[in-house]
Each structure stands twice: as C-alpha cells, then as structure tokens.
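Novice: Quick one, fold the following:
(chains A and B)
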2 protein chains.
Amino acid sequence: MPDKSASPIRPTDAQARVLARSLIETATFGALGVIDPATAAPMVTRIAIARDDAGEPLTLISSLSLHTRALQANPVCSLLVGEPLDKGDPLTHPRLTLQCRAQFVARPGTTHDTLRARYLAQQPKARLYIDFGDFSLVRLTITDAHLNGGFGKAYRLTPADIRRP
Amino acid sequence: MPDKSASPIRPTDAQARVLARSLIETATFGALGVIDPATAAPMVTRIAIARDDAGEPLTLISSLSLHTRALQANPVCSLLVGEPLDKGDPLTHPRLTLQCRAQFVARPGTTHDTLRARYLAQQPKARLYIDFGDFSLVRLTITDAHLNGGFGKAYRLTPADIRRP
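Specialist: Purely as a prediction, here's the structure:
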C-alpha cells in the first residue's frame, strides 16, 4: 500500500518538462473540458489541436457546438492531451492536463491571418471549413498543468516549465 | 455556409442509439471532466473504464489523484468515450459525451464484491492495485448524453436511449 503521508507529486525535472512539451507539440486532438452554462456541470468534448506562435494550444471550433457556447460564457477550461494510439494499458501512457483560458481570435485582423496560416499548416484538412462564418480560432492560454507520466509519476508544472525552449 | 436557423441536432434514431451503446461497450478508457474544488475550474484527466451490471460506466480511481478528490466534493462529472486508435482525422471519429453522477461503491459489501469481479473481468491488469486502500470503484450513472458521429452528425440522447437492450 502506498505511503499516504508522502505527496504523490514528484519534483519537476528536465525530463518532465521535455515530456510535457512533447505531448503538446505532437497533439493533433485533445479532450476539452468546459463548464456547461445551462447546468454548471463539467462537459468534455473532442477538439482538434495545433500550436500558436508561442507554442500554446490553438483550436478551431464551431459556434454550433456545445463547447463554443460554453467558452463564450466562461473561458476557463481544461485540455487533456497525450492520446494512446495503440491497445496497450492506457494508464501507463503519459498524458498532460492543461488548465487554460480560452481567447477567441478576432477576425478580420493580421493576428487572425497569421494564426489561420499556422493552423492550416498543422491541420490542412481544416481548409474545407476554416472560413465558414460559424468557425472561430481560439487560443488556449495555459495557466497550470498536471503531468502524469504513468503510475506514480505525477508532476505539477507551471506555464514557464512547459514553454517552448 | 451552414444554415444557422436550423438546429444542428438530428432526430435520434436506432442507428444513433446503437452507435452510442457501442462506444460505451468498447471503451477501455475515457476522458473524465470534473470540477476542481480548489478553483471551480473544469479539469480533464484519463481514467480506465469498464461496465457495471447495468452497462453503465464503472471506473477504479485512487484517492491520490486529483479527480477522486474532486468527485468526493462534487459528484457531477462528464465522460468522453470513443477514442480514435489510428492516425485518421480525429474529428470524423464518433465520440460520446456522457453527463454523469459519480457514486463511490462502499466496501466491504456484496455490491463491491460483484462490481470488483466485473471490473477485473474487463480490466485484468487492475488486479495489481484494486485492493489497495486508496483505490475506489466508482459508478458513473448517466444523466444525459451528446453523440457526435462526425461532422454534422450530432444527437442528444437520453439515458433510456443508450440503455443496454
């Protein structure tokens, strides 16, 4: 039985920082948690992910979706990245829980143009719908992070810990 | 451009019910959304999934984890199942957002014994830690559901819609 007097959180080291960064850099999708404005319950949906110019998560979402309406009401959200792509034990696969604040990118504008190009470079299939009127680019600015590198390998990371080098 | 006057939600049909049921039955893990009691923010983490005797999601979580402490404070949660296991476009892969209420299974007790056996039959590797004092079996009773069968294929389902036949 584990020693419950000990914190399960390990001291952050270079390996944890590199792993967290790589989970963000390689994500093509993630699980977004928002607060449902109708019920105040958490709600988890799938979104596509790219990186903005600072290496923070960038997504493209439709106003027809539940998560977009939720983020318009409350920008506080959470993003889980690090998806097991094989059939091994999913709990041994590293994953990263990011606590974020959503920022809708205004358009038209030069920032939108830049981020649109960045997004399409990473998610080329989005060209089919990125210019639809109901779609918005949204930056997910990281405020806190929890890395789980597998059983017993938990770390708490700051935004600075997982900044691009 | 889509017609914004139309609801994006399609009428529930037999195919949607079967798809939703199959996403629950085949899930070995999912993304759990809880409310972080310290910040009131949503928080998404990965959990392992099995089915209880009624076909509802059953998980095994440690009190050392963030989600367990959150569910002890507030049992309202959300579970995303339907994971893409290949490298295709993740947004075309069907997924199901379940709104749930978490119920910790008391132990010892005959209900615990039954659910422990069911869980191990579906997650045999959990035998290594299921009897640790910090682990709890938790039923996730479904209260509402949103099925996304791919772009433009959204459904709102009731618990009765996705009950085991």
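Novice: My reading is that A:Ser22 is in a helix; is that accurate?
Specialist: Yes - A:Ser22: assigned to a helix according to DSSP: H, G, I helix; E, B strand; the rest coil.
Novice: any idea how far A:Gly150 is from it?
Specialist: A:Ser22 sits 15 Å away from A:Gly150, going by CB to CB, to the nearest Å. Heads up, the C-betas are built off the backbone N, CA and C, glycines and all.
Novice: give me the low-pLDDT residue ranges for chain A?
Specialist: For chain A, the stretches with pLDDT under 70 are A:1-6, A:85-87.
Novice: mind listing the strands in chain A by residue range?
Specialist: A:29-35, A:42-48, A:50-51, A:57-62, A:76-81, A:95-104, A:135-148, A:154-157 (DSSP state E).
Novice: Using CSV, lay out these together with mean neighbour count and distance to B:Thr111.
Specialist: Below are those laid out as CSV (neighbours: other CB atoms under 10 Å in any protein chain shown; distance: least, CB to CB, whole Å):
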stretch, mean neighbour count, distance to B:Thr111
strand A:29-35, 28, 30
strand A:42-48, 24, 26
strand A:50-51, 18, 46
strand A:57-62, 22, 41
strand A:76-81, 25, 30
strand A:95-104, 22, 31
strand A:135-148, 21, 29
strand A:154-157, 19, 30
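Novice: Same list (these) but as CSV, adding distance to chain B.
Specialist: Output for those, formatted as CSV (distance: least, CB to the nearest CB, whole Å):
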stretch, distance to chain B
strand A:29-35, 3
strand A:42-48, 4
strand A:50-51, 12
strand A:57-62, 8
strand A:76-81, 4
strand A:95-104, 5
strand A:135-148, 6
strand A:154-157, 8
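Novice: CSV please, covering those and showing distance to A:Val18.
Specialist: Converted to CSV, these look like this (distance: least, CB to CB, whole Å):
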stretch, distance to A:Val18
strand A:29-35, 19
strand A:42-48, 24
strand A:50-51, 16
strand A:57-62, 18
strand A:76-81, 15
strand A:95-104, 12
strand A:135-148, 11
strand A:154-157, 11
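Novice: Please name whichever of these is nearest to B:Arg139.
Specialist: strand A:42-48 (17.4 Å; CB to CB).
Novice: Give the other helices and strands that that closest one contacts.
Specialist: For strand A:42-48, the packing partners by 3 or more CB pairs under 8 Å, 6 or more residues apart in numbering or on different chains; DSSP states H and E come out as strand A:29-35, strand A:57-62, helix A:66-73, strand B:29-35, strand B:42-48, strand B:76-81, strand B:95-104, strand B:135-148.
Novice: I'd like those as JSON lines, with distance to B:Tyr119 appended.
Specialist: Below are the helices and strands packed on strand A:42-48 laid out as JSON lines (distance: least, CB to CB, whole Å):
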{"stretch": "strand A:29-35", "distance to B:Tyr119": "22"}
{"stretch": "strand A:57-62", "distance to B:Tyr119": "33"}
{"stretch": "helix A:66-73", "distance to B:Tyr119": "30"}
{"stretch": "strand B:29-35", "distance to B:Tyr119": "13"}
{"stretch": "strand B:42-48", "distance to B:Tyr119": "9"}
{"stretch": "strand B:76-81", "distance to B:Tyr119": "16"}
{"stretch": "strand B:95-104", "distance to B:Tyr119": "14"}
{"stretch": "strand B:135-148", "distance to B:Tyr119": "6"}
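Novice: tell me, how many neighbours does A:Pro124 end up with?
Specialist: For A:Pro124, the neighbour count with other CB atoms under 10 Å in any protein chain shown is 9.
Novice: Against A:Asp144, how distant is it?
Specialist: 31 Å.
Novice: wait, doesn't A:Arg164 sit right on A:Ala54?
Specialist: Yes - the pair A:Arg164 and A:Ala54 qualifies as a contact (CB atoms under 8 Å) at a distance of 6.9 Å.
Novice: List the beta-bridge partners for the residue nearest to the spatial centre of chain A.
Specialist: Per CA atoms, centre = their mean, the C-alpha nearest to the average position across chain A is that of A:Leu79, at 3.8 Å. Per DSSP bridges, the residues bridged to A:Leu79 are A:Leu32, A:Leu98.
Novice: Please name the residues that touch it.
Specialist: Taking CB atoms under 8 Å, 6 or more residues apart in numbering or on different chains, we find A:Leu79 in contact with A:30-33, A:47, A:49, A:57, A:97-98, A:100, A:140, B:44.
Novice: and with 7 Å instead?
Specialist: Going by CB atoms under 7 Å, 6 or more residues apart in numbering or on different chains, A:Leu79 touches A:30, A:32, A:57, A:98, A:100, A:140, B:44.
Novice: residues contacting the second one?
Specialist: This means A:Leu32. Counting by CB under 7 Å, 6+ apart, A:Leu32 makes contact with A:44-45, A:47, A:67, A:77, A:79.
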